[in-house]
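Student: Build the 3D model from these lines:
(4 chains)
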Number of protein chains: 4
Amino acid sequence: MPKRIDTITSAIGWSTPDKIQVHGLDLPSQILGHINLGDMAFMQVTGRKPTEQESNVFNAIAVTLVEHGITPSAMVARLTYMGAPESLQAAVAAGLCGLGTVFVGSMEGASKMLYAALPPEQAGKGADLAAIAKQTVAEHRAARKIVSGLGHPVHKPVDPRTPRLFDIAAENGMSGDYVALIQLIQKEAEAASGKTLPINATGAIGAICCEFGFPEEIIRGFGVMSRAIGLVGHILEETRNPMAFELWQRTEEEILATCGPDAAAAST
Amino acid sequence: MPKRIDTITSAIGWSTPDKIQVHGLDLPSQILGHINLGDMAFMQVTGRKPTEQESNVFNAIAVTLVEHGITPSAMVARLTYMGAPESLQAAVAAGLCGLGTVFVGSMEGASKMLYAALPPEQAGKGADLAAIAKQTVAEHRAARKIVSGLGHPVHKPVDPRTPRLFDIAAENGMSGDYVALIQLIQKEAEAASGKTLPINATGAIGAICCEFGFPEEIIRGFGVMSRAIGLVGHILEETRNPMAFELWQRTEEEILATCGPDAAAAST
Amino acid sequence: MPKRIDTITSAIGWSTPDKIQVHGLDLPSQILGHINLGDMAFMQVTGRKPTEQESNVFNAIAVTLVEHGITPSAMVARLTYMGAPESLQAAVAAGLCGLGTVFVGSMEGASKMLYAALPPEQAGKGADLAAIAKQTVAEHRAARKIVSGLGHPVHKPVDPRTPRLFDIAAENGMSGDYVALIQLIQKEAEAASGKTLPINATGAIGAICCEFGFPEEIIRGFGVMSRAIGLVGHILEETRNPMAFELWQRTEEEILATCGPDAAAAST
Amino acid sequence: MPKRIDTITSAIGWSTPDKIQVHGLDLPSQILGHINLGDMAFMQVTGRKPTEQESNVFNAIAVTLVEHGITPSAMVARLTYMGAPESLQAAVAAGLCGLGTVFVGSMEGASKMLYAALPPEQAGKGADLAAIAKQTVAEHRAARKIVSGLGHPVHKPVDPRTPRLFDIAAENGMSGDYVALIQLIQKEAEAASGKTLPINATGAIGAICCEFGFPEEIIRGFGVMSRAIGLVGHILEETRNPMAFELWQRTEEEILATCGPDAAAAST
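Tutor: I've put the predicted structure just below:
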């Protein structure tokens, strides 16, 4: 059970008739026009503006997570919008509800694994990464657990986002022990399993999030915020080129054909 | 009822084992590292990259909408997270559900009003904006309807975000008839009502969205996507400096005191 | 803007260490074991237990709204559950988000229309229902508005739920002016349009809700609560006989075929 | 990854122009008027109508879960409705999103624990329940895990719902090994910890769900469906006796006072 507190406080911001302060800065004069949307997202999580290098890398991560074509969450947003076009916000909300352990969770999982294998205070101090990778893979295999961030159902043998994200991190001086470690873990996992296991985009992003030192409990949030942007695009397309009704009708017809009265008659 | 269609199509994107295309561009090589998160949001809605001027103005709009301190939607996200900390995505979703007609709707309302008063094909062609403003206010008063985008419960006599947003639009060559029109509408509305009616941030953004020519049905979506970013920040703060449990306990105690068994005894 | 209040109160209930009171009754001794789930829903809206007749009719309404096979909201719940099986509650929530104006709204619309045509204080006092029906249809046709609660894409010429619901209402003494009025409106609308326009289930339920005197702003809520029950059933089936992954894969493949790289090559 | 399937099927139901079948029954003639809402919920999960005894017990469980005064989920529904009163369904959805591991999860947790300690195929066959209880508590203590379903922040030394639910189960012949086992576990846990640990309502319900043999993955769903009913009641009260705006304003004022410009000045 949480504890009672005397006063409610928040460091995020406040407003008075003539001022709006956010993260210690004056929103109109010190934020608007000075930073982009990705930088603002960075500020929401760190409480400060990013450096130029951090901005480059963080924006690349966030942009990656916006869109991946038709996904279950895009289908959900479109099906929901069909029933409640007056509530665009609820269609986005519905689409976000499925960003759980199965899809977006692997980003969080990769970060957790990397932080557990190499605690932040030991990063960048010459740890034996090859040994750590070996041990990490061995532990996962012993526990019959999947290594988060490896493998992809479609993108083989390489997830094309991964080398690009690693390049952007390196160009901006943000490719350190964690990026190296996940690459070593991949090699170990491939050797141990005999399978091709590309580092997928969520694995790459999980590793780069560790380079930033982001708290692991918020990493899923980057996927959620970016996907909210993506879903608005899908809803706009749905207003012009709808697919939700067709998806529904086909499903209903198929169930009627396979389980309806004629199906029963046919199977007699 | 919508119509059946033969094939389901989407221009947003697709992936193959080695390629991910989004809005006609190769995601890894043509998007990642080249644009920021606000630009990606712009692409989701327009299907193309913004110009530098459009990027400046659109990012300023989006950044404005991320955060305004503690709002009902931030409270909702925090209260939801307390009960389901394993589902950060559902806490964000819950927070978005309230971004309806009362709060974010005024942005959409302002754009609708401006497009109705000055259809896009007549903008920038020397329309008599003063006459249009007069008529718009007169119509709203005759119908006893509030003019969307004017007035603010806290920010008086000026919403500090508004002049800054208009400056950014002007500096980037995006301050045209719609920005002029809402300012004329404000003057008319103030003269007609005798009240101070600042153009609030959603009014300013609604006008600037008309300068972009964004379809009115998607304008609420900018508020939704930006607020999703803001809510992730509130949830992170909730993990470190929680207020949800305290809010709940106080409310429960107050209801017990005002309506519980002792309240009944006291009123006998 | 709402007004500030001095104290927060709620008549729904409270708890102390040894008591839980709900709607003025002791939950354990006066509610549990004495009423069924539909009666409890009735109490949530009226603050009192239903009579036996009210219980019969209200439960029939609520049961009707639980299930109608595969619907967009059932598809949404299943697609969401696939991504976040740890959050059953969020899958139900996502499924509810689409119960807006297009589907469940017609129940609310029918009640609003009937209350507007025959205000509650005039019901049961010998109003000229035929004249009211004529005028209502004429007004809808003049305004080119659809009459809520009439017509169904599948159930023709009769929605099989409607006569059964009207019978249950009549058997329990709850078939009065509003049920009569919607039947007269149906006849007028069919005569005026030359089309077959069955009273659909939401129309029948809207009329019966008026017999109860339920406030129109809460009528949509009956659809929402009942569908929550239905969605839990769909989620359970999804755990055993999943369709979400197949729905997603087929859609992705179809978009790849119609809009992907080979489609472009083919159309050259 | 799930597997592809050839055809999509569903045993829940289908409709043709003149028929609606649900769980193998004709909805209008075999369901409507014959069962109450709780029975329909039972059917959604089991595929069959309950016996009279099952109906009594299941309705009592479901009714218990509808309402517990002001809860975080009720606050969420009210705060959401304030911003989007046109989307009652989204306010209910938002309220459901927080029914996760912290609150409703304990019901699921109790069932899981009981099923693990006494697998269904061994129930009712004279297992040594006292020994099982001892071992269960010992295992939880060794792993420093809380025993699900025991203890309550408010209801001490007895949760008043628990004895009533157990009585209803016993009166209907549904109090078997699982109800006995959780009572033995309670005694062991109290003896081992030296604390008063009442079986709370979710513990009692978890045990009774095991008597029914419900699959553990759906048990949370009973809380979700019932709470959806409760939330509709809170939203209706919010339309008449609102608290959301006041909750928001107080919170904003408190943050302004504790963290705003005057707070900063004061602390200098």
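
Student: Tell me where the model's unsure across the stretch 1-150 of chain A.
Tutor: A:1 (pLDDT under 70).

Student: All the helices of it, residue numbers only.
Tutor: A:37-46, A:52-66, A:72-83, A:88-96, A:105-117, A:129-142 (DSSP state H, counting those that start in this stretch).

Student: How far does the fifth one sit from its chain's centre?
Tutor: To tie it back to what came earlier, the one meant is helix A:105-117. How far helix A:105-117 lies from its chain's middle: 12 Å, per C-alpha atoms, centre = their mean, to the nearest Å.

Student: what residue lies at the spatial centre of chain A?
Tutor: Computing the C-alpha centroid of chain A and ranking residues by C-alpha atoms, centre = their mean puts residue A:223 first, at 2.8 Å.

Student: tell me the contacts of that one?
Tutor: Shown in contact with residue A:223 (C-beta atoms under 8 Å, 6 or more residues apart in numbering or on different chains): A:65, A:99, A:104, A:107, A:202, B:89. (Glycine included, C-beta is placed from N, CA and C.)

Student: And for the residue nearest to the last one when sequence neighbours are not counted, the neighbour number?
Tutor: By the measure of C-beta to C-beta, 6 or more residues apart in numbering or on different chains, the closest residue to residue B:89 outside its immediate chain neighbours is residue A:99, 4.1 Å from it. When neighbours are counted by other C-beta atoms under 10 Å in any protein chain shown, residue A:99 registers 33.

Student: What count of nearby residues applies to the residue nearest to residue A:96 when sequence neighbours are not counted?
Tutor: In space, and not counting its chain neighbours, residue A:96 is closest to residue B:93: 4.4 Å by C-beta to C-beta, 6+ apart. Residue B:93: 36 surrounding residues under other C-beta under 10 Å.

Student: Next to chain D, which bits of chain A? Give me the list.
Tutor: By C-beta under 8 Å from any C-beta of the partner chain, the part of chain A that sits against chain D consists of A:1, A:7-11, A:14-16, A:19, A:21, A:84, A:86-87, A:89-90, A:93-94, A:97, A:153, A:251-252, A:254-256, A:258-261.

Student: hmm, which of those are the buried ones?
Tutor: A:8, A:10, A:14-15, A:21, A:84, A:86-87, A:89-90, A:93-94, A:97, A:251-252, A:254-256, A:258-260 (16 or more other C-beta atoms under 10 Å in any protein chain shown).

Student: Now the residue nearest to residue B:89. Its backbone dihedrals?
Tutor: phi -80, psi 60 (degrees, to the nearest 10).

Student: low-confidence ranges in the stretch 151-268 of chain A?
Tutor: If you take pLDDT under 70 as the line, the stretch 151-268 of chain A has these spans: A:264-268.

Student: just the helices in it please.
Tutor: Assignment of helices within the stretch 151-268 of chain A using DSSP H, counting those that start in this stretch yields the ranges A:161-171, A:177-193, A:201-212, A:219-240, A:244-259, A:261-267.

Student: how about those, which one is nearest residue C:77?
Tutor: helix A:244-259 (13.1 Å; C-beta to C-beta).

Student: Report whether the closest one contacts chain C.
Tutor: Yes: with C-beta under 8 Å from any C-beta as the measure, helix A:244-259 is seen reaching chain C through A:244, A:247-248, A:251-252, A:255.

Student: separation between residue A:248 and residue C:6?
Tutor: 49 Å (C-beta to C-beta, to the nearest Å).

Student: Who has more neighbours out of these two?
Tutor: residue A:248 (20 against 7).

Student: Cross-check the contact I'm expecting between that one and residue C:72.
Tutor: Yes: Residue A:248 lies in contact with residue C:72 (C-beta atoms under 8 Å); the separation is 5.1 Å.

Student: Need the nearest residue in space to residue A:259, chain neighbours excluded.
Tutor: According to C-beta to C-beta, 6+ apart, the nearest residue to residue A:259 is residue D:9 (5.3 Å).

Student: Report the contact partners of the one you found.
Tutor: A:255, A:258-259, C:241, C:243.

Student: How much space separates the residue nearest to residue A:96 from residue A:66?
Tutor: Distance from residue B:93 to residue A:66, by C-beta to C-beta: 17 Å.

Student: swap in residue A:41?
Tutor: 12 Å.

Student: how about the residues of the stretch 101-250 of chain A that lie near chain C?
Tutor: For the stretch 101-250 of chain A, the contact set with chain C under C-beta under 8 Å from any C-beta comprises A:101-104, A:243-244, A:247-248.

Student: 7 Å instead?
Tutor: Contact residues, the stretch 101-250 of chain A versus chain C (C-beta under 7 Å from any C-beta of the partner chain): A:101-103, A:244, A:247-248.

Student: For these, which entry has the maximal number of neighbours?
Tutor: Neighbour max across those (other C-beta under 10 Å) = residue A:244, 24 neighbours.

Student: Give the closest residue to that residue in space, chain neighbours not counted.
Tutor: Nearest to residue A:244 is residue A:82, by C-beta to C-beta, 6+ apart, at 4.1 Å.

Student: Quick check, that neighbour in contact with residue A:245.
Tutor: Yes: between residue A:82 and residue A:245 there is a contact under C-beta atoms under 7 Å: 6.2 Å.

Student: When these two are compared, which one has more neighbours?
Tutor: Using other C-beta under 10 Å, the more surrounded residue of residue A:82 and residue A:245 is residue A:82, with 23 against 18.

Student: For residue C:103, see how far away that one is.
Tutor: 9 Å.

Student: Surely residue A:199 and residue A:187 touch.
Tutor: No: contact between residue A:199 and residue A:187 fails when scored by C-beta under 7 Å: they sit 10.2 Å apart.

Student: most tightly surrounded among the helices of the stretch 1-150 of chain A?
Tutor: Among the helices of the stretch 1-150 of chain A, ranked by average contacts under mean count of other C-beta atoms under 10 Å in any protein chain shown, first place goes to helix A:88-96 (a mean of 35).

Student: Enumerate every residue touching residue A:241.
Tutor: Taking C-beta atoms under 7 Å, 6 or more residues apart in numbering or on different chains, we find residue A:241 in contact with residue B:9.

Student: just residue A:217 next, same as before
Tutor: residue B:239.

Student: Look up how far chain D lies from it.
Tutor: 14 Å (C-beta to the nearest C-beta, to the nearest Å).

Student: Then residue A:239?
Tutor: Distance from residue A:239 to chain D, by C-beta to the nearest C-beta: 18 Å.

Student: nearest residue to that residue other than its sequence neighbours?
Tutor: According to C-beta to C-beta, 6+ apart, the nearest residue to residue A:239 is residue B:217 (5.9 Å).

Student: Could you report the neighbour count for residue A:229?
Tutor: 31.

Student: That should have said residue A:228, apologies.
Tutor: Around residue A:228 there are 32 residues (other C-beta under 10 Å).

Student: now it: how far from chain D?
Tutor: According to C-beta to the nearest C-beta, residue A:228 and chain D sit 15 Å apart.

Student: so that residue sits right up against residue B:226, yeah?
Tutor: No: using C-beta under 7 Å, residue A:228 is not in contact with residue B:226; the gap is 8.7 Å.

Student: Give me the neighbour count for the closest residue to residue A:245 other than its chain neighbours.
Tutor: Once flanking residues are discounted, residue A:245 sits nearest to residue B:2: 3.8 Å by C-beta to C-beta, 6+ apart. Look at residue B:2: counted by other C-beta under 10 Å, it has 13 neighbours.
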